[in-house]
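> could you work out the structure for the sequence below:
(one chain, ligands or ions: 1)
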Amino acid sequence: MTNDLFSTPEHEIFRGTVRKFVEEELRPRAREFDEMGRIDKTLFKRMGDLGMLGLCYDPKWGGAGLDWSYTTVLFEEIARCDNAGVTMGISVHTDMATPSLHQFGSDALRQQFLVPSIAGEMVSAIAVTEPDAGSDVAGIKTRAVRDGDEWVINGSKIYITNAATADWLCLLAVTDPDAGYGGFSQILVPTDTPGFRYDLLDKIGNWGSDTGQLYFEDVRVPVAYTIGDVGRGFQQQMMQFQDERLVACVSTVASAQQLWQETREWAEQRVLFGRPLAKMQVTQFKFVEMQTQITAARELAYACVRKRVAGEDATREISMAKLFCCRVGRMVADECIQLHGGYGYMKESVAGRAFVDTRLISIGGGADETMIHYLAKMLGL
Ligand SMILES: Cc1cc2nc3c(=O)[nH]c(=O)nc-3n(C[C@H](O)[C@H](O)[C@H](O)COP(=O)(O)OP(=O)(O)OC[C@H]3O[C@@H](n4cnc5c(N)ncnc54)[C@H](O)[C@@H]3O)c2cc1C
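Numbering: from 1, shown residues only. The predicted structure follows:
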């Protein structure tokens, strides 16, 4: 890859480190992770030791103090691990649950939770979606009521990644039901707090990460565990979503590229009607169409990364990229399972797994329709 964003020797060294980790420690265990049905917590400690968990975070908290181009490199490589669930479990921790804590948390909270999270000694989860409110984030009902110096939390969250693994949650709760968008707060909830429990959910894909429903029954945490200001939770979560979506774009494009390559190798050795599948013109047309779409998706994602690195607001571009990259990822998975024929339908085939795994990406992290809904507003329609 030649690109001004990632062209320094430091990027190459970092890419090499992540690639080695993926090749030696993730890919050989990819099917084992599926069988576990949850992310192997020891991976976080290993990644913490390798300095991969706080790339853009302040060195004061153990971060590397780098920019988002390094996050891009990290997830371009992690996404090659042959297990979308693992990629998701890691990215939830690095770029979906911790950004608000880093940006808005008090020093005491960052010392207590961010430092061990960057070291890989603690794992986090982001708890926003509820049984009655997913796309409509402002419709959540989980309530935190103040009692002296404590929040008393009651409610439920659903489809939460790292549910069984997380040591703490970045929870979005209603703290003032009469205050509209000023009535939400982000609250850090340690998962060993009495009154908290979870049930695991049975998914059609993404088996390498655990997804659960969370229950809060009179869960008490200090008001000092509020991340940022009381009443700013909705706005902070909207900002946190931007990194979540950009990670989804980058890793989706990298997975699609990997699947394209593996399917090409399959088509080169699969012989039918006396010649390799890859030599048939209709197959070549498919590969070219896919590569064109992947390249366009990658460039759109990179345009967002450039803005992110420059510190510019990229909400519009990230919304477009989330919509486009995830659709491309799904299209590539669909074409690749078809090119694999019957073998593609086997659980062990990369194309079969990609087919079910990629179905998630246009739903989670803001569904396609949510992106379109935002874009219609941003474009003044
Ligand atoms: C495996 C998995 C892991 C997840 N991990 C997490 C996590 O870690 N943390 C977390 O908080 N959440 C997580 N989610 C939840 C995910 O973000 C939600 O599923 C998603 O936001 C959609 O919400 P919903 O499921 O309630 O669907 P709904 O909001 O009920 O949407 C139903 C349908 O309506 C469509 N729709 C939405 N808006 C509009 C509109 N304006 N006009 C027309 N149609 C519309 C949707 O696109 C969808 O097709 C996860 C989900 C899954 C499946």
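> residues of the stretch 101-250 of the chain that sit close to the ligand?
Counting by C-beta under 6 Å from any ligand atom, the stretch 101-250 of the chain comes close to the ligand at 125-129, 134-135, 159-161, 203, 206, 211. C-beta: built from backbone N, CA, C; applies to glycine.
> which ones among those map onto strands?
Ala125, Ile126, Ala127, Tyr159, Ile160, Thr161, Thr211 (DSSP state E).
> could I get the contacting residues of the second one?
Contacts for Ile126 (C-beta atoms under 8 Å, 6 or more residues apart in numbering) come out as Val92, Met96, Ala97, Ile160, Thr161, Leu169, Cys170, Gln240, Glu244.
> make it 6 Å
Met96, Ala97, Cys170 (C-beta atoms under 6 Å, 6 or more residues apart in numbering).
> neighbours of the residue in the chain positioned nearest to the ligand, just the number please.
Residue of the chain nearest the ligand, by C-beta to the nearest ligand atom: Gly134 (1.9 Å). Gly134 is flanked by 18 other residues according to other C-beta atoms under 10 Å.
> check Thr17 too.
16.
> and the pLDDT at Thr2?
Per-residue confidence (pLDDT) for Thr2: 52.
> now swap in the one 3 residues further on and tell me
Here the pLDDT value assigned to Leu5 is 84.
> please renumber so the chain begins at 32
Got it, the first residue is 32 from now on, which makes the last one we talked about Leu36.
> any idea how far it is from Ile109?
18 Å (C-beta to C-beta, to the nearest Å).
> for Met123, helix, strand, or coil?
Careful, residue 123 is Val; it's not Met. helix (DSSP: H, G, I helix; E, B strand; the rest coil).
> what is the least confident helix or strand in the chain?
helix 61-67 (a mean of 93; mean pLDDT, DSSP states H and E).
> mind listing what's buried along that one?
Ala61, Arg62, Phe64, Asp65, Met67 (16 or more other C-beta atoms under 10 Å).
> likewise stretch 138-147?
Those would be Leu140, Arg141, Gln143, Phe144, Leu145, Val146, Pro147, for stretch 138-147 by 16+ other C-beta under 10 Å.
> so what's the gap between whichever strand or helix holds the first one and the chain middle?
In the assignment (DSSP states H and E), Leu140 maps to helix 138-140. Taking the mean C-alpha point of helix 138-140 and that of its whole chain, the gap between them comes to 25 Å (C-alpha atoms, centre = their mean, to the nearest Å).
> cool, and stretch 300-307?
38 Å.
> what's the answer for stretch 358-378, then?
The answer for stretch 358-378 is 22 Å, by C-alpha atoms, centre = their mean.
> now the strands for the stretch 82-231 of the chain?
With strands called from DSSP state E, counting those that start in this stretch, the stretch 82-231 of the chain shows them at 155-158, 174-178, 181-192, 199-205, 215-221, 227-231.
> which residues touch stretch 101-112?
37, 42, 45-46, 49-50, 53, 57-58, 86, 118, 278, 281-282, 285-286, 289, 336.
> what residues sit buried inside it?
Tyr101, Thr102, Thr103, Val104, Leu105, Phe106, Glu107, Glu108, Ile109, Ala110, Arg111, Cys112.
> just stretch 162-178 next, same as before
Within stretch 162-178, the residues that count as buried by 16+ other C-beta under 10 Å are Ala164, Gly165, Val168, Ile171, Thr173, Arg174, Ala175.
> quick one: contacts for the fourth one?
Under the criterion of C-beta under 6 Å, 6+ apart, the contact partners of Ile171 comprise Glu161, Ala164.
> distance from the chain centre to the helix or strand containing His42, please.
Assigned by DSSP H and E, His42 falls within helix 40-52. Centroid separation for helix 40-52 versus its chain: 21 Å, with C-alpha atoms, centre = their mean.
> for it, give the mean pLDDT please.
Mean predicted confidence for helix 40-52 is 96.
> just checking, what packs against it?
helix 99-109 (3 or more C-beta pairs under 6 Å, 6 or more residues apart in numbering; DSSP states H and E).
> before we move on, the earlier item: so which of the residues of the stretch 132-281 of the chain next to the ligand wins on neighbours?
Most crowded among these, counting by other C-beta under 10 Å, is Ala158 at 31 neighbours.
> pairing partners for that residue in the sheet, please.
Leu202 (DSSP bridges).
> OK, contacts around it?
Ala158 makes contact with Lys188, Ile191, Leu200, Leu202, Leu245, according to C-beta under 6 Å, 6+ apart.
> give me the pLDDT for the last one.
We note a pLDDT of 98 for Leu245 in this prediction.
> picking up where we left off before, turn the residues of the stretch 132-281 of the chain next to the ligand into TSV, columns for distance to Ala210.
Converted to TSV, those look like this (distance: C-beta to C-beta, whole Å):
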residue	distance to Ala210
Ala156	26
Ile157	22
Ala158	21
Val159	18
Thr160	21
Gly165	22
Ser166	21
Tyr190	26
Ile191	25
Thr192	29
Lys234	35
Asn237	36
Thr242	31
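> and which of the residues you listed is nearest to Glu299?
Asn237 (29.1 Å; C-beta to C-beta).
> the closest one reaches Thr118, doesn't it?
No - in this structure, Asn237 is not within contact of Thr118 by C-beta atoms under 6 Å, at 9.1 Å.
> coming back round to it: can you redo the buried residues of stretch 162-178 as JSON lines with distance to Arg358 and pLDDT?
As requested, the buried residues of stretch 162-178 are exported to JSON lines (distance: C-beta to C-beta, whole Å; pLDDT from 0 to 100):
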{"residue": "Ala164", "distance to Arg358": "25", "pLDDT": "97"}
{"residue": "Gly165", "distance to Arg358": "19", "pLDDT": "95"}
{"residue": "Val168", "distance to Arg358": "22", "pLDDT": "97"}
{"residue": "Ile171", "distance to Arg358": "27", "pLDDT": "98"}
{"residue": "Thr173", "distance to Arg358": "31", "pLDDT": "98"}
{"residue": "Arg174", "distance to Arg358": "36", "pLDDT": "98"}
{"residue": "Ala175", "distance to Arg358": "37", "pLDDT": "98"}
